[in-house]
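J.: Need a 3D model of the sequence below.
(one chain, ligands or ions: 1)
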Amino acid sequence: MPDDSGSGLSRRQVLAASGTGLLAATAAGTTTPIGAAPARAAIRGRAPGDGTPEQIHLTWGDDPARSVIVSWASPGQAMRPRVRIGQRVIPADERSYTDALNGETIWTYHARVTGLRPGATYGYAVTADNDGNGADPFSATFTTAPEGRAAFRFTSFGDLATPNTSWVLSYGQAAYAVGAVEQFQPLFHLLNGDLCYADLNPAAQPEVWRDFGNNNQASAAYRPWMPVPGNHEIEFGNGPQGFTSYLTRYTLPPNGTGAFEGRWYSFRVGSVLFVSLSADDVVYQDAGAFVAGPSALVPAPSTGNPPIPAGTSLYVRGYSGGAQTRWLEATLAAARRDASVDWIIAQLHQCACSSSSTGNGSDLGIREEWLPLFDRYEVDLVLCGHDHDYERSFPVRGSDTGAGTEAATGAPVDTRRPRPVTTVDSGVFDTTQGTVHLILGCGGTDANLDDYGLDAADHAIQAKVFTRPNRPVPSATPGVYARPGADAVEDATWSARRDTATGYGIAVFDVNPGSEAGGQTSITVTHYHAVGADPVNPATGEKGAPTADYTVFETFTLVRPRSDGRRWHAKQSATASTVLTL
Ligand SMILES: [Fe+2]
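T.: All right, here's what the predicted structure looks like:
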């Protein structure tokens, strides 16, 4: 599979499904239904009425210094699901849904733990009256965020998948990646979208999510994992944007928009504001759920849902009607008015700056919609995924016009190429001057994309760019549809560093709040990579295997003045007055 955009029902999916009797669109012209629920229950060993907690994971509550959410699922409906913490027993809210493709009902539970002390470690237990482990319920510990300006560590990657290689795009590295988070013991982890690729396994979406959740539990039950939705969270029939599987499993900080809760949010740890975005709302690329054909995708009869014809994709660009961008601007503006916020870090799935040649590339939608706001409000760092590799940009601000070329014709096209403020890779970058973009799609899928574009004419690094929607079009095979790749290219003058050794890794961020008002604060970033984990390394052809061995690829430091000094206030008011005139 050349990229992660999803080719609908791949040959591998058909084989995987047929092995269990769960058939979906297997042969030309046929429309075999996805298997019936009793068969699935027998295969997966699920028992109705089994309230044993599994897939246990934490997210931050409204204030990470004082609240966390404990979430889990159980094979059947739980009776009196609850969390015990100290002397308190906290009842959990139930949220369930029925998968629109295989008809399975999912039961999830969410307990909001509030009133905690900052920077404190708590033990907790998760149980229910029908917990099969009721005599010895699952228990773990977590640590709340510090209050005020304090040092802390977080980690990040995206595109994790599961270790169960029965599933499309899953790979054993997904287990080692979870282990890597635990190795570095961060306060929390950012998971940058494309969590498990359930949409590429349409006969068994809930089972893929289950394997994902149980794999993550080894870390996510001990420290919050904060996700964003990616294109592979978009599933047919599961809610207006296809996010129901994602939204039901996660309880995330509120964004105040009502209809779009859970899709984007922000939270504050120490002097850092984290802004987690839903890039499917703005990207041109169509890479959500897709039926390539020739057969239709036929949901299980119990769902009552009609067949989904070949050539159908769930394309959600613009789904918020601008609400997300309005929220983003208000959130960024408030943060830069707040003298206690030094850093702004954005987390999203798709990329504004990717030069992967075998992957998806960059997307003009992000550049048009959000990069001007990142410039205006001095967003320091952007973390994304989508392409299964590691790439770092120079700090960028503003854009070059006319730098792009239409791939098919060679005609000029405006890709709004982000402009590097320096091309000296000094290892220390002042992010008041420009935003650094990191691609961290290096979690654990079986499709490494650590191959990068090169302009044959001038030997410059070259990036592919989506500048318009790539909706499905008929392919050369009758009845089969394909979604074209990016339509434009540009010399990637913004690209500072690319990892060609492996598509797998984890980024570790250490925030140093500085020691005095108006002084300097820094974030040291170390990217560790799993050399040898590529199924096939594109540069050497070497065949590898999953590995627990994560070693340093590079270290660099971001610096900026603290916002609590007079010097910074003066600079900030100048910026603010500029903003008012725009
Ligand atoms: Fe993706």
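J.: who are the neighbours in contact with the closest residue to Q241 other than its chain neighbours?
T.: In this structure, Q241 finds its nearest non-sequential neighbour in V316, 4.7 Å apart by Cβ to Cβ, 6 or more residues apart in numbering. C-beta here means a position set from N, CA and C on the backbone, and glycine is covered the same way. Residues counted as contacts of V316 (Cβ atoms under 8 Å, 6 or more residues apart in numbering) are I234, Q241, G242, D280, D281, G288.
J.: Over to P299?
T.: So P299 contacts P33, I34, A100, L101, N102, G103, G237, N305, P306, P307, I308 (Cβ under 8 Å, 6+ apart).
J.: I'd like the distance between the fifth one and N231.
T.: Separation of N102 from N231 (Cβ to Cβ, to the nearest Å) stands at 21 Å.
J.: Those two: which has the busier surroundings?
T.: Higher neighbour count among N102 and N231: N231, with 29 against 25, using other Cβ atoms under 10 Å.
J.: and the gap between that one and the ion?
T.: 5 Å (Cβ to the ion, to the nearest Å).
J.: What sits closest to that residue if chain neighbours are left out?
T.: Nearest one to N231, counting by Cβ to Cβ, 6+ apart, is A287 at 3.9 Å.
J.: since we're on the one you found, how many residues are nearby?
T.: Counted by other Cβ under 10 Å, the residues lying close to A287 total 27.
J.: you'd agree it is up against R483?
T.: Yes: in this structure, A287 is within contact of R483 by Cβ atoms under 8 Å, at 7.2 Å.
J.: how far does stretch 68-79 stretch from start to finish?
T.: With Cα to Cα, to the nearest Å applied, stretch 68-79 spans 22 Å between its terminal residues.
J.: wait, which of the contacts of V316 is closest to R249?
T.: G242 (13.9 Å; Cβ to Cβ).
J.: what's the closest non-adjacent residue to the closest one?
T.: With Cβ to Cβ, 6+ apart, the residue lying closest to G242 is I234, at 3.8 Å.
J.: ditto for R66
T.: Spatial nearest neighbour of R66, chain neighbours left out: L116 (5.0 Å); criterion: Cβ to Cβ, 6+ apart.
J.: One more: G404?
T.: T415 (3.3 Å).
J.: who touches that neighbour in this structure?
T.: Shown in contact with T415 (Cβ under 8 Å, 6+ apart): S362, L364, R367, A403, G404, V465, T467, A488, E490.
J.: Quick check: the gap between it and P307.
T.: Distance from T415 to P307, by Cβ to Cβ: 38 Å.
J.: Doesn't S295 lie inside a helix?
T.: No: per DSSP: H, G, I helix; E, B strand; the rest coil, S295 lies outside any helix segment and is coil.
J.: pLDDT weak spots in the chain?
T.: Within the chain, the ranges that satisfy pLDDT under 70 run 1-48, 566-582.
J.: for it, which residue is closest to the average position?
T.: Geometric centre of the chain, nearest residue: G193, 1.5 Å, by Cα atoms, centre = their mean.
J.: That residue: what secondary structure?
T.: coil.
J.: show me the contacts for it.
T.: If you count contacts by Cβ under 8 Å, 6+ apart, then G193 has 158-159, 227-233, 279, 348-350, 384-386 around it.
J.: List only buried entries from the residues you listed.
T.: Neighbour-count burial (16 or more other Cβ atoms under 10 Å) applied to these gives 158-159, 227-233, 279, 348-350, 384-386.
J.: Which helix or strand contains the residue nearest to G404?
T.: Under the criterion DSSP states H and E, no helix or strand holds T415.
J.: do you know how far it is from V396?
T.: The value you get for T415 to V396, if Cβ to Cβ is used, is 13 Å.
J.: Please apply the same query to G385.
T.: With Cβ to Cβ as the criterion, G385 and V396 are 19 Å apart.
J.: E233 too?
T.: Relative to V396, and taking Cβ to Cβ, E233 is found at 27 Å.
J.: Would you mark the buried spots in stretch 92-101?
T.: A92, R95, Y97, T98, D99, A100, L101.
J.: likewise stretch 318-330?
T.: Buried residues in stretch 318-330 (16+ other Cβ under 10 Å): Y319, S320, A323, Q324, T325, W327, L328, E329.
J.: need the residues of this protein near the ion, please.
T.: Residues of the chain lying close to the ion (Cβ under 5 Å from the ion) are D4, D194, G230, N231, H386.
J.: For burial, what's the neighbour tally of the second one?
T.: Which is D194. D194, neighbours per other Cβ under 10 Å, totals 30.
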